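> Only the shape, not the letters, is given here:
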């Protein structure tokens, strides 16, 4: 690859936060064959067809990359627990909530496990956070705890107990908000049962 082409690509990556969308890349007058070259060099990583990220711009968690591929995804369940350091459980794939009926193609990398949420289960408690300066949406601690209790058979009771115990002993605990969410989500009974068991 010529030095002038390399500089143009570097400028493109700088102005696009390290993200390559093939449509924008072509509009910038850069040929798709350069993408293959960059990929072979290990300079960029393919997230899904038509979407790449600079190896230097990747985040440790992969949350940002998952949301690039699935813009309506919200980090949830085990991945949210890991982010908030409420559990030692690390899911093998990033767990994301998507609105019911969402058919958007997921990323090839990082691996993602989808959960279909509808109504308030999807929209309640969504906040924006960041890792390595890259923003993503995630459920707050209280919504995460409601979801973890709801999906206790999927995650395992030991994960539920550990995360709820850590949540209750943390500085950011808000039991009133937790119970408010539980009422909206019709999870008040299971949430209260778990709170009593750990009291």
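Arrived safely, thanks for sending. Computed from a predicted structure; not experimentally measured. Numbers count the residues shown, from 1 in each chain.
> C-alpha from now on. contacts and neighbour counts both.
Will do.
> quick one, domains of the protein?
Domain assignment for the chain, taken from automatic domain parsing, gives 3-57, 63-198.
> Now render those as JSON lines, adding mean neighbour count and mean pLDDT.
Below are the domains of the chain laid out as JSON lines (neighbours: other Cα atoms under 10 Å; pLDDT from 0 to 100):
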{"stretch": "domain 3-57", "mean neighbour count": "15", "mean pLDDT": "93"}
{"stretch": "domain 63-198", "mean neighbour count": "17", "mean pLDDT": "96"}
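> quick one, helices of this structure?
3-15, 22-27, 33-41, 63-69, 77-83, 120-123, 141-150, 152-155, 157-169, 175-184, 188-198 (DSSP state H).
> Kindly reformat the ones you listed as a markdown table containing distance to residue 94.
Listed next are the helices of the chain as a markdown table, based on distance: least, Cα to Cα, whole Å:
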| stretch | distance to residue 94 |
| --- | --- |
| helix 3-15 | 26 |
| helix 22-27 | 25 |
| helix 33-41 | 23 |
| helix 63-69 | 7 |
| helix 77-83 | 6 |
| helix 120-123 | 17 |
| helix 141-150 | 14 |
| helix 152-155 | 13 |
| helix 157-169 | 16 |
| helix 175-184 | 23 |
| helix 188-198 | 24 |
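> looking at those helices, which is closest to residue 53?
helix 63-69 (8.0 Å; Cα to Cα).
> Which other helices and strands does that closest one contact?
strand 44-48, strand 134-139 (3 or more Cα pairs under 8 Å, 6 or more residues apart in numbering; DSSP states H and E).
> Can you check which of those gets nearest to residue 81?
strand 134-139 (9.8 Å).
> Kindly calculate the angle that the closest one makes with helix 141-150.
60 degrees (axes from the mean of the first three to the mean of the last three Cα atoms, to 10 degrees).
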